[in-house]
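K.L.:
sequence and computational prediction follow.
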Amino acid sequence: DVKVTQSSRYLVKRTGEKVFLECVQDMDHENMFWYRQDPGLGLRLIYFSYDVKMKEKGDIPEGYSVSREKKERFSLILESASTNQTSMYLCASRLGSGGFGNQPQHFGDGTRLSIL
Amino acid sequence: GDSVTQMEGPVTLSEEAFLTINCTYTATGYPSLFWYVQYPGEGLQLLLKATKADDKGSNKGFEATYRKETTSFHLEKGSVQVSDSAVYFCALRTGNNDMRFGAGTRLTVKP
């Protein structure tokens, strides 16, 4: 069965800290994604990666960076955390193939991050 | 750009009531359409999908039909249960293979 694991369910950090959110998938998926989820705004794409060492900006990349050194792991980095980055962060993965349209994304359980 | 608009919640229903959650989309080309469900404390799970016009996706008693003429993908269930209480997201896959999600609709089903 599909499994996307995010390293923390809840995290509290302080303003200005460098924060790492880790995501691991065990399905050998090429594509991985980071979203943030905020009330009334749905999911907004921060960054995504089509393959190892590849990354693309999503809709709201400012203040974030990512790392994809291994196929199974996709890390989201808050370079200098700010209070407006308090949110629920969701990681997802998807099989990359010629038929992209038919492949769903598989989500982790989310990390609720609070920046104080 | 491509986008999804779904009805605002929250929606509160009694058990066994009929459910409709409206979803309309704006897209170039022919996107794939999805409904995801998020139960409390969990990530999103795929509920159903449709990849072309007139396709009907169905799962767990939920259905949605891809209507190209009205650019809609409304979610329906004939008889909801307490266990259906969750947040429901409509989404589309764009021509660039990005996903666009609606804002989510929270459903609460009371016994």
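P.N.:
Looks like it came in fine.

K.L.:
number of nearby residues for the residue in chain B positioned nearest to chain A?
P.N.:
Closest to chain A within chain B is B:Gly43: 3.6 Å, counting by C-beta to the nearest C-beta. Backbone N, C-alpha and C define where each C-beta goes, glycine included. Here the count is done by other C-beta atoms under 10 Å in any protein chain shown, and B:Gly43 has 22 residues near it.

K.L.:
ok, and the closest non-adjacent residue to it?
P.N.:
A:Phe107 (3.6 Å; C-beta to C-beta, 6 or more residues apart in numbering or on different chains).

K.L.:
can you check A:Arg94 too?
P.N.:
Using C-beta to C-beta, 6+ apart, the nearest residue to A:Arg94 is A:Asn31, at 4.3 Å.

K.L.:
ok, B:Met99 next?
P.N.:
That would be B:Ala91: by C-beta to C-beta, 6+ apart, it lies 5.4 Å from B:Met99.

K.L.:
any idea which helix or strand comes after the helix or strand of chain B with the lowest mean pLDDT?
P.N.:
Taking mean pLDDT, DSSP states H and E as the measure, the helix or strand of chain B with the lowest value is strand B:99-101, at a mean of 88. Toward the C-terminus, strand B:99-101 is succeeded by strand B:105-110 as the next helix or strand (DSSP states H and E).

K.L.:
pretty sure the residue of chain B closest to chain A contacts A:Asp109?
P.N.:
Yes - with contact defined as C-beta atoms under 8 Å, B:Gly43 reaches A:Asp109; the gap is 4.6 Å.

K.L.:
where does chain B come near chain A, residue by residue?
P.N.:
When proximity is defined as C-beta under 8 Å from any C-beta of the partner chain, chain B approaches chain A at B:31-32, B:34, B:36, B:41-46, B:49, B:51, B:89, B:93, B:97-99, B:101-104.

K.L.:
just the ones of the residues you listed in strands?
P.N.:
Using DSSP state E, the subset of these located in strands is B:32, B:34, B:36, B:44-46, B:49, B:89, B:93, B:99, B:101.

K.L.:
who wins on neighbours among those residues?
P.N.:
Busiest of those [other C-beta under 10 Å] is B:Leu44, holding 29 neighbours.

K.L.:
just the strands in chain A please.
P.N.:
Under DSSP E, chain A gives strands at A:4-6, A:10-13, A:19-21, A:23-25, A:31-38, A:42-49, A:56-57, A:64-70, A:73-78, A:87-94, A:106-107, A:111-115.
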